[in-house]
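Engineer: sequence unknown, structure follows:
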């Protein structure tokens, strides 16, 4: 009985060879295109994350305002001097926040920073001193300056004392170079390196270890600072660009008075990626719907071509259920063969075609088809076959054999 | 013949076809009893409703009123699926225009009546080959209906109806398109099969040459059967 059934299915598929091949090809095309697209989407998401991880995944935390002791001492103290962040006066915040920020799930690292604007007594020019902890390069490199920014000399190490690095433009302006000394508040610092950090949210004219910065600031500031207790800036590096917003939200939840500054250059890139992904998904959904509609129409046209034969079979006693089962099985067989061949075709396309190069994705990661997605698409293909077969079988099965025979 | 012996019975059968506003009563209060081993020939002019009657006896058409009963099973209470099963188990139908499956070979057309019966391929092929050979179609197994002559097509249709050894054969003009000699051979074969299996046969025809084979000959006139 089962043998008869399969014999009928194969015989019918073989009898309409060109129809069967075309139907299977439509599945191969749709499944392979969808699988390649989804693989490309998955790959580009990883590649983009990789790119975004190095793009603007940082910010600085500070509190805007002037310290009261600075205001009270305004007679001996120039109002342009004091703690600054992003060019505006900043207050001191508890150093315990550094540890709180560091513990956030979205944050990779956080470190204390002192940024103070001095007025040179000899010629009244303003300059900033930035003090950081060189043992925490992850949060410093992207927000203040990094070893790769060195133009001459060397970068600060945690053991350094009474030495400084100068920002390249400031060094040029002051005519200073590596090996020279620079005097701040009457204390000489040996210049060990010149850096060109470009645009950074915690950029300074002179960089030094945070302990040296504390010492020199305390020589000038009317109220003493202990960086172990209070800092004016926290430098933050986020785990991924996609977590930037979440990290900013979490930092503000620690203390609502805290301000955050980020150049947010990750946003346009993330937005464009999101738009591309949405368009690709829309395309995939259209293909999936198109596959089901096309397959249903194709299967229906095959059944309509055979309605005379089906009427005869019903007239000689074939049951409706055996005819429905046969049409359904024919449709599912084609979808299974098409789906499997589509997955195989996709594997060849992904491994042989230069998709990475053509789409302009530069990543060392290999592009690979996910078996889970392939199985899902095979399932979609079979579902399409079931819908197409069921729809066609239902259309023909309700017609009485006498009616079918009379019509033809 | 007594009523309770009837293998197939029609009671006050009516069939009305509606075309637009015009009603045509094709079968009008027809009564018929068919018994095992009996050959009934129904004679009627073209358009008398012979094919409609075959359709009603086969359960392909539903009557407007009245009932068809086979071995105490009234067609009226059976679903289309159950009627199909009844046809498959009990009947062999020879259609007026053969109704062969155009894309199936002669062999496959005959095999259509044997499929889904739980028979092994060997048994199926043995029966089909024996029957086709007996009907002189031993060289036409793989021919499509379009490659066969009218007479050969008619013999394939007969083979399809007989291969399952049915208890009731419904034959609608079974030799209508063949020459006298071929027609006689087909009829002889049909009659021999019915007699051998103690089956029943209802044969409808518009020609008078087949009337002599019937145990009973009836004329379909004005939608009813009368003695001929």
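Structural biologist: That came through, no problem. Quick caveat: nothing in here was measured; it's all calculated off a predicted structure.
Engineer: skip the chain neighbours and tell me the closest residue to the residue in chain A that chain B sits nearest to.
Structural biologist: Using Cβ to the nearest Cβ, the closest approach of chain A to chain B is made by residue A:317 at 2.8 Å. Where C-beta positions appear, they are placed from N, C-alpha and C, glycine not excepted. In space, and not counting its chain neighbours, residue A:317 is closest to residue B:88: 2.8 Å by Cβ to Cβ, 6 or more residues apart in numbering or on different chains.
Engineer: number of nearby residues for that neighbour?
Structural biologist: 19 (other Cβ atoms under 10 Å in any protein chain shown).
Engineer: follow-up on the earlier one: quick one: the residue of chain A closest to chain B is in a strand?
Structural biologist: No: applying DSSP: H, G, I helix; E, B strand; the rest coil, one finds residue A:317 to be coil, outside a strand.
Engineer: hmm, it is touching residue B:92, no?
Structural biologist: No: proximity of residue A:317 to residue B:92 does not meet the contact threshold set by Cβ atoms under 8 Å, at 9.4 Å.
Engineer: contact residues of chain B facing chain A?
Structural biologist: B:55, B:58, B:60-61, B:80-81, B:84-89, B:91, B:93, B:95, B:99-104, B:108, B:112-113, B:115-118, B:121, B:160 (Cβ under 8 Å from any Cβ of the partner chain).
Engineer: which residues do residue A:317 and residue B:92 both contact?
Structural biologist: Residues touching both residue A:317 and residue B:92 by Cβ atoms under 8 Å, 6 or more residues apart in numbering or on different chains: residue B:113.
Engineer: surely the residue nearest to residue A:317 meets residue A:314?
Structural biologist: No: at 10.0 Å, residue B:88 does not count as touching residue A:314 under the criterion of Cβ under 8 Å.
Engineer: is the longest helix along chain A anywhere near chain B?
Structural biologist: In chain A, assigned by DSSP state H, the helix with the most residues is helix A:266-305. No: Helix A:266-305 stays clear of chain B (Cβ under 8 Å from any Cβ), getting no nearer than 9.4 Å.
Engineer: other SSEs contacting that helix?
Structural biologist: Secondary-structure packing of helix A:266-305 (3 or more Cβ pairs under 8 Å, 6 or more residues apart in numbering or on different chains; DSSP states H and E): helix A:17-53, helix A:320-352, helix A:371-397.
Engineer: now the helix or strand following the longest one: buried residues?
Structural biologist: Which is helix A:17-53. Sequence order places strand A:58-64 as the next helix or strand after helix A:17-53, per DSSP states H and E. Neighbour-count burial for strand A:58-64, with 16 or more other Cβ atoms under 10 Å in any protein chain shown as criterion, is recorded at A:58-63.
Engineer: what does stretch A:90-109 give?
Structural biologist: Buried-residue list, stretch A:90-109, by 16+ other Cβ under 10 Å: A:90-93, A:97-98, A:100-102, A:104, A:106-109.
Engineer: grab the two from these that are most spread out in space.
Structural biologist: Farthest-apart pair in those is A:91 and A:108; separation 26.0 Å (Cβ to Cβ).
Engineer: worst average pLDDT in the helices and strands packed on helix A:266-305?
Structural biologist: Least confident of those, judged by mean pLDDT, is helix A:17-53 with a mean of 85.
Engineer: who does that helix touch, helix- and strand-wise?
Structural biologist: Packed on helix A:17-53, when contacts are counted by 3+ Cβ pairs under 8 Å, 6+ apart, are helix A:266-305, helix A:320-352, helix A:355-358, helix A:371-397.
Engineer: can you list these in CSV and add mean neighbour count?
Structural biologist: Output for the helices and strands packed on helix A:17-53, formatted as CSV (neighbours: other Cβ atoms under 10 Å in any protein chain shown):
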stretch, mean neighbour count
helix A:266-305, 16
helix A:320-352, 20
helix A:355-358, 14
helix A:371-397, 19
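Engineer: so where do the strands sit in chain B?
Structural biologist: B:8-19, B:22-34, B:39-43, B:65-70, B:73-74, B:91-94, B:168-172, B:200-205, B:216-221, B:224-227 (DSSP state E).
Engineer: can you lay out these as CSV showing mean pLDDT?
Structural biologist: Formatted as CSV, the strands of chain B follow (pLDDT from 0 to 100):
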stretch, mean pLDDT
strand B:8-19, 91
strand B:22-34, 91
strand B:39-43, 95
strand B:65-70, 94
strand B:73-74, 90
strand B:91-94, 94
strand B:168-172, 94
strand B:200-205, 94
strand B:216-221, 93
strand B:224-227, 89
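Engineer: give me the below-cutoff pLDDT ranges for chain A.
Structural biologist: Along chain A, segments meeting pLDDT under 70 span A:1-2, A:49-56, A:71-77, A:263-275, A:359-364, A:406-408.
Engineer: can you tell me which residues in it are near chain B?
Structural biologist: So far as Cβ under 8 Å from any Cβ goes, chain A lies against chain B at A:1, A:3-5, A:7-8, A:11, A:15, A:308-309, A:312-322, A:400-402, A:405.
Engineer: show the buried residues in those.
Structural biologist: A:4, A:8, A:308-309, A:312-320, A:322, A:400-402, A:405.
Engineer: quick one: the closest residue to residue A:31 other than its chain neighbours from residue A:22, how far?
Structural biologist: Spatial nearest neighbour of residue A:31, chain neighbours left out: residue A:342 (2.7 Å); criterion: Cβ to Cβ, 6+ apart. From residue A:342 across to residue A:22, the span is 14 Å (Cβ to Cβ, to the nearest Å).
Engineer: one more: residue B:146?
Structural biologist: For residue B:146 relative to residue A:22 (Cβ to Cβ), the value is 24 Å.
Engineer: ok, these two, which is more surrounded?
Structural biologist: residue A:22 (12 against 9).
Engineer: isn't that one up against residue A:301?
Structural biologist: No: using Cβ under 8 Å, residue A:22 is not in contact with residue A:301; the gap is 10.7 Å.
Engineer: might you report the residue contacts of the residue nearest to residue A:288 when sequence neighbours are not counted?
Structural biologist: By the measure of Cβ to Cβ, 6+ apart, the closest residue to residue A:288 outside its immediate chain neighbours is residue A:380, 6.1 Å from it. Listed by Cβ under 8 Å, 6+ apart, the contact set of residue A:380 reads A:31, A:34, A:288, A:291, A:339.
Engineer: how about chain B: which residue is closest to chain A?
Structural biologist: For chain B, Cβ to the nearest Cβ, closest residue to chain A: residue B:88, 2.8 Å.
Engineer: ok, which stretches of chain B are helices?
Structural biologist: For chain B, helices defined by DSSP H occupy the ranges B:50-58, B:80-90, B:106-111, B:121-134, B:150-162, B:180-197.
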